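>>> No letters, just coordinates:
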């Protein structure tokens, strides 16, 4: 198992937690110097906040912990390709690298629909790797929505 796969497994734990809470199963882990700095899971329903995506929750937590809005030399592991909102926040936070699991062909902002993280017009560019444990990440999303349609 690679280091990226190991951290993605940790993000999947939070995706499962989100699903248990009735949220879309997306989990995120922010890593700094090989240590887990923060974690997040989708909380839009619980918090009644459309911006409470897993990535945003983790970034907010990390910024408070470091007392700095710039999250230099960090890697975000997230189970679903970030959307435009999250990608923009990651650029502004100066995250160094993003590793995601499942691609999102409808709203993905790291190459599927848009490519916000690598847009050369930004003053900060983020290294990005997609498809890490994509099958496991995607299966959770498919199962969640399949179950929702049955209700």
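Nice, I can see it. The structure presented is a predicted model; accordingly, all values stated were derived computationally and were not measured. Residues are numbered from 1 along each chain as shown.

>>> Provide the secondary structure category for residue 75.
Of the three states, residue 75 takes strand under DSSP: H, G, I helix; E, B strand; the rest coil.

>>> how about the helices of this protein, start to end?
Listed in chain order, the helices of the chain (DSSP state H) span residues 3-20, 44-47, 54-66, 84-93, 134-150.

>>> now these in TSV, with distance to residue 72?
Backbone N, C-alpha and C define where each C-beta goes, glycine included. Below are those laid out as TSV (distance: least, CB to CB, whole Å):
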stretch	distance to residue 72
helix 3-20	18
helix 44-47	27
helix 54-66	9
helix 84-93	9
helix 134-150	27
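
>>> Reformat the ones you listed into JSON lines and put mean neighbour count and distance to residue 26 next to each item.
As requested, the helices of the chain are arranged in JSON lines below (neighbours: other CB atoms under 10 Å; distance: least, CB to CB, whole Å):
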{"stretch": "helix 3-20", "mean neighbour count": "18", "distance to residue 26": "6"}
{"stretch": "helix 44-47", "mean neighbour count": "14", "distance to residue 26": "10"}
{"stretch": "helix 54-66", "mean neighbour count": "21", "distance to residue 26": "4"}
{"stretch": "helix 84-93", "mean neighbour count": "20", "distance to residue 26": "10"}
{"stretch": "helix 134-150", "mean neighbour count": "14", "distance to residue 26": "8"}
